[in-house]
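**Q** pasting the structure only:
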């Protein structure tokens, strides 16, 4: 599952600049959100490779500033992962980094 989001607005008189983003995933029906990445991403996309076929998830993103103070939560993005056997065309090019912070396999 590849996630992408719009970069936070630049700093102004009321807000600090974002230095990274934290991604949270919730399985539908599970009341607890879970932080996927332990270190904030500087980019605006990542790949979540820890999803299960046939399940529904919701994602939110929070920007963090240099003091690691989080922003308000983004809009929720609901996602349904197709059941086993669904075919998808291969994706060409370089994949975004894994949401959990490891380098993707090539």
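**A** Now that the structure is in, tell me what you want to look at. Because the structure is a prediction, the values reported are computed rather than measured.
**Q** Please make it C-alpha for all contacts and neighbour counts, starting now.
**A** Will do.
**Q** other SSEs contacting the helix or strand hosting residue 26?
**A** Under the criterion of DSSP states H and E, residue 26 resides in strand 20-27. In terms of contacts (3 or more Cα pairs under 8 Å, 6 or more residues apart in numbering; DSSP states H and E), strand 20-27 is packed against strand 34-35, strand 56-64.
**Q** so for that strand, what's the average pLDDT?
**A** Across strand 20-27, the average pLDDT comes to 92.
**Q** Would you indicate which residues of that strand are buried?
**A** For strand 20-27, burial by neighbour count (16 or more other Cα atoms under 10 Å) applies to 20-27.
**Q** What lies in contact with stretch 67-76?
**A** 58-64 (Cα atoms under 8 Å, 6 or more residues apart in numbering).
**Q** likewise stretch 47-58?
**A** 1-3, 25-28, 76-84, 95-100.
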